[in-house]
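Enquirer: What shape does this take:
(one chain, ligands or ions: 1)
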Amino acid sequence: MRTKICGITSYEDAMVAVDAGADALGFVFYEKSPRFLTREKAKNIIQKLPPFVEKVALFVNVDAQTVNATCKEVGATLAQIHFEADAAFYEALKIPHIKVIRAQKKEDVLQYADEYRLVDAYCEAYGGAGKQLNAEWFEGVECSKIILAGGLTPDNIQALKKYGFYAFDVSSGVEISYGKKDAAKVREFIHNAH
Ligand SMILES: O=C(O)c1ccccc1NCC(=O)[C@H](O)[C@H](O)COP(=O)(O)O
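Expert: I've put the predicted structure just below:
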């Protein structure tokens, strides 16, 4: 199972995740987030990372030009879009991207079913709240294009493997404090996901 460790704010935490086998790292460009980091700080981390690691830039309520410019400047390889955006926004993006579904009910997890998408639990903060989805919503659903997020921990992912998700995404479940990862939990999460 692929894994993304989200809310990275230091090179040390990034390398703990990479060394443990993370496929992707998430960087939050939402100023109201406790995991927000500046473009300069993100660039300094990203430029030192080894190849074959997806560098994901997260955005909330910005225009496409901001997404394009930020990703180019920091070296992000994928944009993660955490808000409702229209077709013109997506057409203007010049970088690979994934939509985020902030699910509030079972039907929501079926949105954009033909696309790889991240399904997270709805929260006012847009993400990183440690709020879990109802696993029963995935019963009978084709999950191979879903990146599951929301309240995942090293202890609860084993039971979720049976749904056949594309990947697991975690932030608060492997943290000591906002934006500071717990190395042991990061390793345990990735180990248990595989
Ligand atoms: O992490 C944040 O602070 C954040 C803020 C605004 C938009 C998205 C954010 N995080 C998005 C993620 O991809 C998280 O990994 C995802 O929501 C799961 O978080 P958690 O429930 O804490 O594992």
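Enquirer: From the ligand, how far off is Val74?
Expert: Note on Val74: its distance to the ligand, by C-beta to the nearest ligand atom, to the nearest Å, is 16 Å. Placement of C-beta: from N, CA and C, glycine included.
Enquirer: Give the burial count for that residue, as a bare number.
Expert: Taking other C-beta atoms under 10 Å as the criterion, the count of residues near Val74 is 22.
Enquirer: surely it meets Ala42?
Expert: Yes - in this structure, Val74 is within contact of Ala42 by C-beta atoms under 8 Å, at 4.3 Å.
Enquirer: quick one: average pLDDT of stretch 162-178?
Expert: On average, the pLDDT along stretch 162-178 is 97.
Enquirer: Flag every buried residue along that stretch.
Expert: 163, 165, 167-175 (16 or more other C-beta atoms under 10 Å).
Enquirer: Tabulate those (CSV), appending distance to Ala24.
Expert: Output for the buried residues of stretch 162-178, formatted as CSV (distance: C-beta to C-beta, whole Å):
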residue, distance to Ala24
Tyr163, 19
Phe165, 14
Ala167, 8
Phe168, 10
Asp169, 8
Val170, 11
Ser171, 12
Ser172, 17
Gly173, 16
Val174, 14
Glu175, 17
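Enquirer: Show me which residues of the chain sit near the ligand.
Expert: Applying C-beta under 6 Å from any ligand atom, we find that the chain lies next to the ligand at 6-7, 26, 28, 30, 33, 35, 58, 60, 82, 120, 125-131, 149-152, 169-173.
Enquirer: would you turn the buried residues of stretch 162-178 into a markdown table with secondary structure and distance to Ala103?
Expert: Conversion of the buried residues of stretch 162-178 to a markdown table gives the following (DSSP: H, G, I helix; E, B strand; the rest coil; distance: C-beta to C-beta, whole Å):
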| residue | secondary structure | distance to Ala103 |
| --- | --- | --- |
| Tyr163 | helix | 14 |
| Phe165 | coil | 13 |
| Ala167 | strand | 16 |
| Phe168 | strand | 15 |
| Asp169 | strand | 13 |
| Val170 | strand | 17 |
| Ser171 | coil | 17 |
| Ser172 | helix | 17 |
| Gly173 | helix | 17 |
| Val174 | helix | 21 |
| Glu175 | strand | 22 |
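Enquirer: The residue located most distally from the centre of the chain in helix, strand or coil?
Expert: Farthest-out residue of the chain from its mean C-alpha position, per C-alpha atoms, centre = their mean: Gly140, at 23.9 Å. In the three-state summary, Gly140 is assigned as coil, counting by DSSP: H, G, I helix; E, B strand; the rest coil.
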